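J.: Sequence first, then the predicted structure:
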Amino acid sequence: MVKINPVIAQRSWVALTFAMMILLVGCASQASRESTGEYIDDTAITAKVKAALVADKEVSALSVNVETFRGVVQLSGFADSQREISRAASVTRGVKGVKSVKNDLRIKPKDG
(Lines give C-alpha, C1' and ligand atoms only; values in the text may rest on other atoms or scores of the structure.)
Protein backbone atom coordinates (compact mmCIF):
# COMPACT_ATOMS: atom_id res chain seq x y z
CA MET A 1 0.00 0.00 0.00
CA VAL A 2 1.30 3.46 -0.93
CA LYS A 3 1.35 6.12 1.74
CA ILE A 4 1.00 9.74 0.69
CA ASN A 5 2.65 12.40 2.74
CA PRO A 6 -0.16 14.72 3.97
CA VAL A 7 2.05 17.83 3.64
CA ILE A 8 2.78 17.07 -0.02
CA ALA A 9 -0.89 16.33 -0.70
CA GLN A 10 -1.91 19.63 0.87
CA ARG A 11 0.68 21.59 -1.14
CA SER A 12 -0.49 19.87 -4.32
CA TRP A 13 -4.07 20.96 -3.68
CA VAL A 14 -2.96 24.53 -2.96
CA ALA A 15 -0.91 24.61 -6.17
CA LEU A 16 -3.77 23.15 -8.21
CA THR A 17 -6.26 25.64 -6.75
CA PHE A 18 -3.88 28.53 -7.44
CA ALA A 19 -3.37 27.39 -11.06
CA MET A 20 -7.12 27.15 -11.63
CA MET A 21 -7.65 30.65 -10.22
CA ILE A 22 -5.03 32.05 -12.60
CA LEU A 23 -6.71 30.36 -15.55
CA LEU A 24 -10.14 31.68 -14.57
CA VAL A 25 -8.90 35.23 -14.07
CA GLY A 26 -7.00 35.09 -17.35
CA CYS A 27 -10.16 34.13 -19.25
CA ALA A 28 -12.36 36.77 -17.65
CA SER A 29 -13.14 39.86 -19.69
CA GLN A 30 -12.13 43.30 -18.55
CA ALA A 31 -13.44 46.75 -19.46
CA SER A 32 -10.76 47.20 -22.12
CA ARG A 33 -10.32 43.56 -23.19
CA GLU A 34 -12.64 40.92 -24.57
CA SER A 35 -12.96 37.31 -23.54
CA THR A 36 -12.24 34.71 -26.19
CA GLY A 37 -15.96 34.19 -26.76
CA GLU A 38 -16.61 37.91 -27.16
CA TYR A 39 -13.71 38.18 -29.62
CA ILE A 40 -15.13 35.34 -31.73
CA ASP A 41 -18.62 36.89 -31.64
CA ASP A 42 -17.25 40.30 -32.62
CA THR A 43 -15.24 38.81 -35.47
CA ALA A 44 -18.40 37.15 -36.80
CA ILE A 45 -20.36 40.41 -36.50
CA THR A 46 -17.63 42.31 -38.36
CA ALA A 47 -17.70 39.75 -41.18
CA LYS A 48 -21.51 39.92 -41.42
CA VAL A 49 -21.47 43.73 -41.50
CA LYS A 50 -18.82 43.79 -44.23
CA ALA A 51 -20.81 41.27 -46.28
CA ALA A 52 -24.00 43.31 -45.85
CA LEU A 53 -22.21 46.50 -46.95
CA VAL A 54 -20.74 44.75 -50.00
CA ALA A 55 -24.19 43.45 -50.95
CA ASP A 56 -25.75 46.92 -50.67
CA LYS A 57 -25.77 48.85 -53.96
CA GLU A 58 -25.80 52.30 -52.27
CA VAL A 59 -22.66 51.86 -50.16
CA SER A 60 -19.08 51.79 -51.42
CA ALA A 61 -17.95 49.02 -49.07
CA LEU A 62 -14.29 49.31 -50.06
CA SER A 63 -14.16 52.77 -48.47
CA VAL A 64 -15.71 51.66 -45.17
CA ASN A 65 -13.67 50.20 -42.30
CA VAL A 66 -15.58 48.05 -39.80
CA GLU A 67 -14.47 47.26 -36.24
CA THR A 68 -16.51 45.58 -33.52
CA PHE A 69 -16.01 45.56 -29.75
CA ARG A 70 -18.57 43.79 -27.56
CA GLY A 71 -21.29 44.15 -30.19
CA VAL A 72 -20.68 47.87 -30.77
CA VAL A 73 -19.74 48.40 -34.41
CA GLN A 74 -17.62 51.37 -35.43
CA LEU A 75 -17.71 52.49 -39.05
CA SER A 76 -14.91 54.70 -40.31
CA GLY A 77 -13.63 55.85 -43.66
CA PHE A 78 -15.11 57.96 -46.43
CA ALA A 79 -18.37 58.14 -48.35
CA ASP A 80 -19.56 60.17 -51.35
CA SER A 81 -22.59 61.66 -49.60
CA GLN A 82 -24.51 62.00 -46.35
CA ARG A 83 -27.06 59.60 -47.81
CA GLU A 84 -24.37 56.91 -48.20
CA ILE A 85 -23.22 57.51 -44.61
CA SER A 86 -26.77 57.10 -43.32
CA ARG A 87 -27.33 54.01 -45.47
CA ALA A 88 -24.15 52.34 -44.17
CA ALA A 89 -25.32 52.87 -40.58
CA SER A 90 -28.79 51.57 -41.40
CA VAL A 91 -27.43 48.43 -43.08
CA THR A 92 -25.12 47.85 -40.10
CA ARG A 93 -27.96 48.17 -37.56
CA GLY A 94 -29.83 45.46 -39.46
CA VAL A 95 -27.12 42.86 -38.87
CA LYS A 96 -27.90 40.31 -36.16
CA GLY A 97 -25.77 40.77 -33.05
CA VAL A 98 -25.11 44.49 -33.53
CA LYS A 99 -25.91 46.28 -30.27
CA SER A 100 -25.16 49.80 -31.50
CA VAL A 101 -23.34 51.65 -34.26
CA LYS A 102 -20.73 54.37 -33.91
CA ASN A 103 -20.74 56.03 -37.30
CA ASP A 104 -17.46 57.86 -37.94
CA LEU A 105 -17.80 57.93 -41.71
CA ARG A 106 -16.93 61.26 -43.35
CA ILE A 107 -17.80 62.76 -46.72
CA LYS A 108 -14.85 62.63 -49.13
CA PRO A 109 -13.24 66.04 -49.49
CA LYS A 110 -13.66 67.71 -52.89
CA ASP A 111 -10.50 68.03 -54.99
CA GLY A 112 -9.45 71.51 -55.85
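T.: That came through fine. Residues are numbered from 1 along each chain as shown.
J.: Show me the helices in this structure, by range?
T.: 6-27, 36-55, 82-93 (DSSP state H).
J.: K102 - how many residues pack around it?
T.: K102 has 13 neighbours, counted by other Cβ atoms under 10 Å. Yep, even glycine has a C-beta here, placed from its N, CA and C like the rest.
J.: With the one 5 residues further on instead?
T.: A count of neighbours around I107, defined by other Cβ under 10 Å, yields 12.
J.: just use 38 as the starting number from now, easier for me
T.: Happy to do that; since the first residue is 38 now, the last one works out to I144.
J.: quick one, what contacts it?
T.: F115, A116, D117, S118, Q119, I122 (Cβ atoms under 8 Å, 6 or more residues apart in numbering).
J.: farthest-separated two in these?
T.: F115 and Q119 (12.2 Å; Cβ to Cβ).
J.: Comparing the two, which shows the higher neighbour count?
T.: F115 (15 against 10).
J.: which residues sit in contact with T83?
T.: V103, E104, T105, V110.
J.: Mark which of the residues you listed are buried, thanks.
T.: Neighbour counting with 16 or more other Cβ atoms under 10 Å marks V103, T105, V110 as buried within those.
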